[in-house]
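Colleague: next input, structure requested:
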Amino acid sequence: WRYGQTMRTRYPAVQVDEASLYHMHNRIFTSAGSAAGIDLMIEIVRQDYGPDAANSVARRIVMPAHRNGGQAQFLERPVAIRPNSEIGPVLDRVREDIKQPWSIALMAKQAAMSRRTFERRFIEATGQGPGDWLAAERVEAAKDLLIRTQQPMDDIAAAVGFGSAHALRHHFRARVALSPTEYRREFGEK
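Modeller: Prediction:
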């Protein structure tokens, strides 16, 4: 929204919300900038061709599959500083088996490190702590299930490793600013 003020001056009837990534209104689409334009493009693909096509496009261009247009501009998944570090195999293992009751101690054991060393190296590699990363990964997995299935919240919570639907709702709302039900209603397959 670098030109938000100019837009307001030229088009006073237009409401500019500079706190969001993109807006879609009828056939008029606007975005906060170049990267947000890519998010908008992925959303258009999702609406026109479904979540599988959007996820495929996102993977091809190495983007998160979906960032809600109403959210602030930030990276959902911070970019790893050292993606090929000794932490990488642990990240892969957790993602492959997200429903397991992963703890920081168990992840450290998988990496053959003390908990303290693991936490330090994890932050160096990912830019965030292992607990925050794990919750974010579980939320991402839940988003996919919410879009593609009609499973009950308890089943989704179990499938992604949250102990209960309550825990799923808590972490989901904290990261997405919507409840899982609201997210499904807004972005799920119709």
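
Colleague: pLDDT-wise, which helix or strand of the chain ranks last?
Modeller: For the chain, the helix or strand with the lowest mean confidence is helix 51-60, at a mean of 74 (criterion: mean pLDDT, DSSP states H and E).

Colleague: and the longest helix for the chain?
Modeller: Counting residues, the longest helix found in the chain (DSSP state H) is helix 130-148.

Colleague: list the buried residues of that one.
Modeller: Within helix 130-148, the residues that qualify as buried by neighbour count (16 or more other C-beta atoms under 10 Å) are 130, 132-147. Where you see a C-beta, it was placed from the backbone N, CA and C, and this is true even at glycine.

Colleague: ok, back up a step: helices and strands around the least confident helix or strand of the chain, which ones?
Modeller: If contacts are counted by 3 or more C-beta pairs under 8 Å, 6 or more residues apart in numbering; DSSP states H and E, helix 51-60 sits against helix 34-49, helix 130-148.

Colleague: 6 Å - rerun?
Modeller: Judged by 3 or more C-beta pairs under 6 Å, 6 or more residues apart in numbering; DSSP states H and E, the packing partners of helix 51-60 are helix 34-49.

Colleague: distance between the helix it packs on and the chain's centre?
Modeller: Centroid separation for helix 34-49 versus its chain: 14 Å, with C-alpha atoms, centre = their mean, to the nearest Å.

Colleague: who are the packing partners of that helix?
Modeller: strand 28-31, helix 51-60.

Colleague: one more pass at 7 Å, please.
Modeller: In terms of contact count using 3 or more C-beta pairs under 7 Å, 6 or more residues apart in numbering; DSSP states H and E, helix 34-49 is assigned the packing partners strand 22-25, strand 28-31, helix 51-60.

Colleague: so which of those gets nearest Tyr183?
Modeller: Tyr183 lies closest to helix 51-60 among the helices and strands packed on helix 34-49, at 12.0 Å (C-beta to C-beta).

Colleague: any idea how far that closest one is from the middle of the chain?
Modeller: Taking the mean of its C-alpha atoms, helix 51-60 sits 14 Å from the chain's own mean (C-alpha atoms, centre = their mean).

Colleague: next: stretch 16-32.
Modeller: Averaged C-alpha coordinates place stretch 16-32 at 19 Å from its chain's average position (C-alpha atoms, centre = their mean).

Colleague: next, the distance between the ends of that stretch.
Modeller: Using C-alpha to C-alpha, to the nearest Å, the gap from the first to the last residue of stretch 16-32 comes to 10 Å.

Colleague: one more: stretch 21-32?
Modeller: Chord length of stretch 21-32, first to last residue, is 5 Å (C-alpha to C-alpha).

Colleague: cool, thanks, signing off.
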